[in-house]
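Asker: Pasting a predicted model and its sequence here:
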Amino acid sequence: MHTFRKTITALLTASVVFATAPAIADNDLEHLRNNQDKYITHDAAAQSALKQFPGAQILEVEFDVEHNRNAHYDVELRAADGREYDVTVDAVSGKILSSELD
């Protein structure tokens, strides 16, 4: 019975964590909508990433606001050589903050 309770507790905890993830992402998009004049667009973030990786294919662009970091875009792309990269673009300046092989 003790193992069963641990399993149920773990499952409930995991479901709460996964259920709150979309809400956090929605808050980021709501923040972007309410502050559009402060940030570059998704397209501008993608264009910044493409300057560093000419010929790449953009797979995903996501706006993100974190408490310990400035607003930024996470750009996922596939470079011309087929490797995938995660590129972080500053949401205000469009400057590449980091890029790493995925």
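Answerer: Everything's here; your move.

Asker: where exactly do the helices run in the chain?
Answerer: Taking DSSP state H as the criterion, the chain contains helices spanning 2-34, 42-52.

Asker: Can you name every helix or strand that the shortest one contacts?
Answerer: This points to helix 42-52. Helix 42-52 makes packing contacts with strand 57-66, strand 69-78, strand 84-90, strand 96-101 when contacts are defined by 3 or more Cβ pairs under 8 Å, 6 or more residues apart in numbering; DSSP states H and E. For every residue, glycine as well, the C-beta is placed using N, CA and C.

Asker: ok, back up a step: ok, of the helices of the chain, where does mean pLDDT dip lowest?
Answerer: Considering those one by one, the lowest average pLDDT is found for helix 2-34, at a mean of 54.

Asker: per-residue confidence at L77?
Answerer: pLDDT for L77: 98.

Asker: count of residues packed around it?
Answerer: Residues lying near L77 (other Cβ atoms under 10 Å) number 22.

Asker: repeat for E84
Answerer: The number of residues packed near E84 is 13, by other Cβ under 10 Å.

Asker: Check E30 too.
Answerer: Summarising burial for E30: neighbours were counted as other Cβ under 10 Å, giving 11.

Asker: Would you mind measuring from it to Q36?
Answerer: Relative to Q36, E30 is positioned 11 Å away (criterion: Cβ to Cβ, to the nearest Å).

Asker: quick one, what contacts T88?
Answerer: Counting by Cβ atoms under 8 Å, 6 or more residues apart in numbering, T88 touches 72-75, 96-99.

Asker: what's the answer for Q47, then?
Answerer: With contacts taken as Cβ under 8 Å, 6+ apart, Q47 has the following neighbours: G94.

Asker: No more questions from me, cheers.
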